[in-house]
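> give me a 3D structure for the following:
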Amino acid sequence: MKNILLALFGGLLLAFSWPDLGFSPIVFFAFVPLLIIEKGSNNIRKVFLFSFFSFLIFNVITTYWVWNSTPAGSIVAFLVNASLMATTFTIYSAIKRSNNNYSSNITFIVCWLTFEYLHLNWDLSWPWLTIGNVFAKDPHLVQWYEYTGVLGGSLWILLINIIIFDLVFLKYKKRIFQLLFFLIVPILTSLYIYYKKFEIKNNDKLNILIVQPNIDPYTEKFNIGYKDQLNEFVELSKKYLTDEIDLLIGPETALQEDIWENRINSTFSIKTFRELQIQYPNLNILVGASTYKLFEKNEEKSSTARQIRGEDIFYDAYNSAVFISSKGNIEIYHKTKLVPGAEKMPFSKTLDFLSQLMLDLGGISGSLGSSNNIERFQLDDFKIKPLICYESVYGDINNGITDLIAIITNDGWWGNTLGHRQHLNYSRLRAIEQRKNIVRSANTGISAVIDQKGNIVSTIGWDQKSCLTASLSINTTTTFYSKYGDYIGRLSCFIAVILILMLFVKTINKDS
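Next up is the predicted model:
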């Protein structure tokens with residue numbers, strides 16, 4: 001009973017430290033109940049079961065809103081993510097026991113950071129609950145993410161949890177000085193960065209109009225004709241457009257017309273925007289769309305190519321951002337971080353038979369495509385990095401030279417829940433990591449402008465049809481994190497491999 005209560009308490013502490021749900025500093029001792037269970041248990045299976053129970057509570061409370069868009073998918077997500085977290089904690093326990101507690105603190109940190117890094121970079125990627133995300137509503141505490149990324153926050157949290165556990169339950173009194181140092185120094189460093197004035201290396205500004213059309217994805221988006229939706233979008237934009245606007249931004253899949261990239265200039269959507277640009281000659285347009293690419297007969301096909309039933313015709317489908325330049329050219333970016341299950345078949349090569357089965361039953365096979373000819377849009381001398389919905393949860397995707405980050409999303413699938421608010425706040429961490437202003441266009445709540453310190457400057461609230469204007473200075477500086485990405489995760493993986501090999505060798509020697 002004691003361990004059940006500890007596991008329950010640990011899950012609740014993790015959940016109620018999360019953005020838009022609780023108080024973030026709780027996370028500094030949220031792992032302590034699990035560390036107590038692990039310390040007092042002689043059974044590795046019980047370590048897994050109790051930790052699974054704790055992490056399941058954490059997952060359900062913080063991401064319950066996934067149920068709104070996919071009930072079955074949400075259950076799978078809860079179970080899989082909790083299992084992965086519990087497995088990670090169990091591996092730590094096994095390595096610790098094999099080493100007779102030697103370097104157990106380092107082992108815990110390395111195992112968890114390795115899990116989070118791998119969870120960012122495999123087919124079942126779900127980084128929503130990366131522990132460093134917990135400070136998304138408290139950007140003043142983690143300004144040093146420009147050097148470490150979110151995994152640096154995870155490292156900080158795990159370290160503090162270990163120190164508190166050692167101090168309170170193992171009576172290591174010397175840990176009090178370590179606690180004060182590792183807790184206070186990062187906070188003071190962050191506050192110093194937060195309150196100092198940043199030098200902007202480029203004084204040029206972009207004038208931007210963000211559109212939030214507020215189309216309900218369940219009752220309107222697929223029931224109203226694409227022409228009517230586009231005309232409403234344009235009429236809403238015209239209420240706020242001026243000759244000074246450089247960039248108009250619309251949300252993910254704002255264009256409902258099936259757009260074939262091979263003949264994009266002949267589509268109704270592009271022609272409509274061209275007419276708008278005649279009225280506003282300096283206007284550039286960035287908007288979300290579902291686009292398709294038809295493969296020529298002798299052209300090499302991608303691994304995600306789909307076949308039109310009964311014909312020797314193949315094509316790729318994409319979740320795209322379309323950039324229509326005032327100079328006449330069109331550029332298309334394809335979403336690369338696809339949602340497992342909803343937008344791609346995980347482990348498609350291994351599970352290819354499932355795709356074939358879908359095709360045989362009359363459906364379409366495969367995942368959305370993700371190939372790209374472009375990573376950034378060029379607006380005069382500025383480089384704009386587009387991020388489509390789920391991509392904004394990833395930090396390392398923003399690497400390279402970028403002057404402005406533009407996020408387009410449709411958070412309406414989740415309803416008026418924690419989901420869309422958490423998603424907005426995660427964007428604040430991207431601003432800190434890259435030291436870039438962010439403009440965010442959501443189909444319905446919450447469109448926003450975020451400055452390079454992670455502050456939300458202005459917003460359009462949930463369930464509002466409106467537009468937002470912003471005049472933003474362009475910061476051309478490059479951060480340490482944008483250069484080197486998730487190096488903390490890569491280093492953790494290297495150390496974890498060594499620790500697991502040591503465990504494997506010791507197990508073999510013990511059995512022989």
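> domain ranges for this protein, per the record?
2-197+488-511, 205-476 (automatic domain parsing).
> mean pLDDT for those domains: which is lowest?
Mean pLDDT across the domains of the chain is lowest at domain 205-476; the value there is a mean of 89.
> returning to what we had before: which one of the domains of the chain lies nearest to Ser482?
domain 205-476 (5.4 Å; C-beta to C-beta). Every C-beta, even on glycine, is put in place using the N, C-alpha and C of the backbone.
> first-to-last residue distance for the closest one?
12 Å (C-alpha to C-alpha, to the nearest Å).
> now render the domains of the chain as JSON lines, adding mean neighbour count.
As requested, the domains of the chain are exported to JSON lines (neighbours: other C-beta atoms under 10 Å):
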{"stretch": "domain 2-197+488-511", "mean neighbour count": "18"}
{"stretch": "domain 205-476", "mean neighbour count": "18"}
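> for those domains, give me CSV that also has distance to Ser482.
Converted to CSV, these look like this (distance: least, C-beta to C-beta, whole Å):
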stretch, distance to Ser482
domain 2-197+488-511, 8
domain 205-476, 5
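> give me the distance from the one helix or strand Ile164 maps to to the chain's centre.
Here Ile164 sits within helix 150-169, counting by DSSP states H and E. Centre-to-centre, helix 150-169 and its host chain are 23 Å apart (C-alpha atoms, centre = their mean, to the nearest Å).
> which residues touch the residue most central in space within the chain?
Among the residues of the chain, Val393 comes closest to the average C-alpha position under C-alpha atoms, centre = their mean, at 1.3 Å. Contact analysis of Val393 by C-beta atoms under 8 Å, 6 or more residues apart in numbering lists Pro127, Trp128, Asn133, Lys337, His423, Tyr426.
> farthest-separated two in these?
Largest separation among the contacts of Val393 by C-beta to C-beta: Asn133 and Lys337, giving 15.3 Å.
> sec struct for Tyr426, please.
Following DSSP: H, G, I helix; E, B strand; the rest coil, the label given to Tyr426 is helix.
> so it makes contact with Ala136?
Yes - using C-beta atoms under 8 Å, Tyr426 is in contact with Ala136, at 5.3 Å.
> what touches both of these two?
The contact sets of Tyr426 and Ala136 overlap at Pro19 (C-beta under 8 Å, 6+ apart).
> can you pull the phi/psi pair for Asn207?
phi -100, psi 120 (degrees, to the nearest 10).
> list the residues that contact it.
Glu244, Ile245, Asp246, Leu247, Thr469, Ala470, Ser471 are the contacts of Asn207 under C-beta under 8 Å, 6+ apart.
> try 7 Å this time
Contacts for Asn207 (C-beta atoms under 7 Å, 6 or more residues apart in numbering) come out as Glu244, Ile245, Asp246, Ser471.
> could I get those residues as TSV with secondary structure and distance to Pro346?
Formatted as TSV, these follow (DSSP: H, G, I helix; E, B strand; the rest coil; distance: C-beta to C-beta, whole Å):
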residue	secondary structure	distance to Pro346
Glu244	coil	46
Ile245	coil	41
Asp246	coil	40
Ser471	strand	43
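> of all those residues, which comes closest to Gln212?
Closest to Gln212, out of all of the contacts of Asn207 and judged by C-beta to C-beta, is Ile245, at 15.8 Å.
> surely that closest one and Pro281 touch.
No - the pair Ile245 / Pro281 is not scored as a contact, 11.2 Å apart, by C-beta atoms under 7 Å.
> all strands of this structure, in order?
For the chain, applying DSSP state E gives strands covering 205-212, 247-249, 255-260, 284-294, 306-307, 314-324, 330-334, 377-379, 382-388, 404-409, 438-442, 447-450, 456-460, 466-473.
> of all those strands, which one comes closest to Phe268?
Comparing these under C-beta to C-beta, the one sitting nearest is strand 255-260, at 5.8 Å.
> give me the residues contacting the closest one.
Taking C-beta under 7 Å, 6+ apart as the rule, strand 255-260 contacts 221, 226, 229-230, 267-269, 287-292, 294.
> can you give me the distance of Arg490 to Phe23?
Here Arg490 is placed at a distance of 32 Å from Phe23 (C-beta to C-beta, to the nearest Å).
> before we move on, what about Ser237?
On the measure of C-beta to C-beta, Ser237 and Phe23 end up 40 Å apart.
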